[in-house]
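Chemist: Kindly return the folded structure for what I paste below:
(chains A and B)
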Number of protein chains: 2
Amino acid sequence: MVRSPKYIENSQGTLWLTEDERDHLKISYRIKDILHEETSPYQHVMVLDSHDFGPMLVLDGVVQTTSMDGYIYNEMIAHVPLSVHPHPRNVLIIGGGDCGAANEAAKYERVERIDLVEIDEAVVRASKRYMPEVSGGLSDPRVRYHYEDGVKFVQQAAAEYDVIIVDSSDPVGPAKQLFEFDFYQNVHRALKEDGLMVCQSQSPIFHADVMLKSYERIGRLFPHRKLYTTVVPTYPGGLWSFTIGSKRALPAPESIRFDKKARYANEEILRQCFALPTFLQEMLKNQG
Amino acid sequence: MVRSPKYIENSQGTLWLTEDERDHLKISYRIKDILHEETSPYQHVMVLDSHDFGPMLVLDGVVQTTSMDGYIYNEMIAHVPLSVHPHPRNVLIIGGGDCGAANEAAKYERVERIDLVEIDEAVVRASKRYMPEVSGGLSDPRVRYHYEDGVKFVQQAAAEYDVIIVDSSDPVGPAKQLFEFDFYQNVHRALKEDGLMVCQSQSPIFHADVMLKSYERIGRLFPHRKLYTTVVPTYPGGLWSFTIGSKRALPAPESIRFDKKARYANEEILRQCFALPTFLQEMLKNQG
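Modeler: Presented below is the predicted three-dimensional model:
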């Protein structure tokens, strides 16, 4: 008998995961197999092998990343800040339990230390074991794992990091604080004097309010900020935004160099991701 | 009593449209109201007012375009070819019954004639009436409507058009032939000696086979071809491809100029859409 854990529906012998975090849109994925399921102290954690996307990391019933397209998000959240910073040595990743961003950061030889602060060890374990396409099976000795609250972690850091990557889930539940002004203020203090931060700032289409708030807060703290976008096929709306806040002026996109091996990112992609559609330019302008 | 036409499910008083054209992925949209429903000689046509996307055009139960994001697709299928062609005068649009592409093409003063060949008049009528955000309520005297089969229409044309836009639905049912080699051959003949065509060539992620076949066929006929992408939030996978086939060499992206009023497209966007992710470059390279 096939067991049907929380969030999984067995419909005439086929398994479906239906994301119903949204009131007006439901997405259902047909599931081949439940690779992993546990209830951690923080959330419900699953890795589901799906027909269309391969193994997917699912937290509290919501798809976080998939083996098919996880590399796009992870490459874009890591390589943009690491390419625009002239000499990233110490990198802090808040969240990012799927290990994908850390795996990308580890491609930079000059990076000496990568602190990965993920509150939920269960996510790291499951990703390493069942999602090698995303985690890269990460085993780089420069990566230090801190299974703690990212909010508290940055409170204790000062002028330590060149690049801080805020790789959070949606601003509900544990990740909510990672979008607050206080948190950004601590991130600002944790950065060296020429440091920069990047955060995933949600969909410009479905979560424009969150994106704009994040953009405004970062603008209050950092003299230089820039928003860029990419496509994340398995996130609603496809178009996804990231926001950089920097203590030093950011280089012009055309001067960005990139020579790492990657599946999505290349030099042209890292330059063009700053070109924003007109509606998005106008949103940011009105935001001030 | 709320009537529930084909494809619409009434679940405890709320209406849902579930797209189930795909075997392993289902997307359900919550519907406020059924604005229009008819069975035309070609297909089942609806305009549904949805909570998240506003009025949506739905053909045979599949969402074609929405008031919220339809402009992205239509601007990108029209403005890229019309910006790279040095002097577009006669434009042919095959499909495009939502009138969005024709509405964008009508922004070019130098365009003298726009032939819109849509097999199903019901689609044009419904789009003009219920989807002004997409159709722009198109009433330009340069637009000539031909309610006929696009495949037959291009068989009869020779050296008439500067730009041909193939704005088809998915390659199932009536649109299937619009992806065949014979059709592209007729499109080639219908173009002037410096003409170019563009077609929507599906998702590089979900329909890579269709995209690559289309790319290969266009390459057999045209000495110059180029693929570009954009984000279409309501299409599965978000990332969408378009392929240009041209009789003359295409300009370098950085020389593209654009001064039309548009909501998504701008000069930078029209240039950067040709920058392809690494995985896509490799797919095309392997295709030869």
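
Chemist: The residue of chain A found nearest chain B: what's it in contact with?
Modeler: Residue nearest to chain B within chain A (CB to the nearest CB): residue A:238, separated by 1.8 Å. Heads up, the C-betas are built off the backbone N, CA and C, glycines and all. Residues near residue A:238 by CB atoms under 8 Å, 6 or more residues apart in numbering or on different chains: A:231-232, B:231-233, B:235, B:237-239.

Chemist: Now secondary structure, pLDDT and distance to residue A:191 too, for these, in TSV please.
Modeler: As requested, the contacts of residue A:238 are exported to TSV (DSSP: H, G, I helix; E, B strand; the rest coil; pLDDT from 0 to 100; distance: CB to CB, whole Å):
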residue	secondary structure	pLDDT	distance to residue A:191
A:231	strand	94	28
A:232	coil	91	26
B:231	strand	94	31
B:232	coil	91	37
B:233	coil	86	33
B:235	coil	79	38
B:237	coil	80	35
B:238	coil	88	32
B:239	strand	94	33
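
Chemist: Of these, which is the nearest to residue B:90?
Modeler: residue B:232 (27.3 Å; CB to CB).

Chemist: can I get the contacts of residue A:238 in a markdown table with distance to residue B:131?
Modeler: Shown next, in a markdown table, are the contacts of residue A:238 (distance: CB to CB, whole Å):
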| residue | distance to residue B:131 |
| --- | --- |
| A:231 | 25 |
| A:232 | 27 |
| B:231 | 20 |
| B:232 | 16 |
| B:233 | 16 |
| B:235 | 17 |
| B:237 | 23 |
| B:238 | 21 |
| B:239 | 24 |
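
Chemist: What is the nearest of those to residue A:281?
Modeler: residue B:231 (15.3 Å).

Chemist: interface residues of the stretch 151-288 of chain A facing chain B?
Modeler: Taking CB under 8 Å from any CB of the partner chain as the contact definition, the stretch 151-288 of chain A meets chain B at A:205-206, A:229, A:231-233, A:235-239, A:262-266, A:268-269, A:271-272, A:275-279, A:281.

Chemist: let's see it at 7 Å
Modeler: Within the stretch 151-288 of chain A, the positions lying close to chain B (CB under 7 Å from any CB of the partner chain) are A:205, A:231-233, A:237-239, A:262-266, A:268-269, A:272, A:275, A:277-279.

Chemist: And the pLDDT for the residue positioned nearest the centre of chain A?
Modeler: Among the residues of chain A, the one closest to the centroid is residue A:167, at 3.3 Å (CA atoms, centre = their mean). Note for residue A:167: predicted pLDDT of 96.

Chemist: Would you indicate which residues of the longest strand along chain A are buried?
Modeler: As assigned by DSSP state E, the longest strand anywhere in chain A is strand A:25-39. Residues A:25-31, A:34-37 are the ones in strand A:25-39 that count as buried (16 or more other CB atoms under 10 Å in any protein chain shown).

Chemist: Repeat that for stretch A:45-52.
Modeler: For stretch A:45-52, the neighbour count (16+ other CB under 10 Å) marks A:45-50, A:52 as buried.
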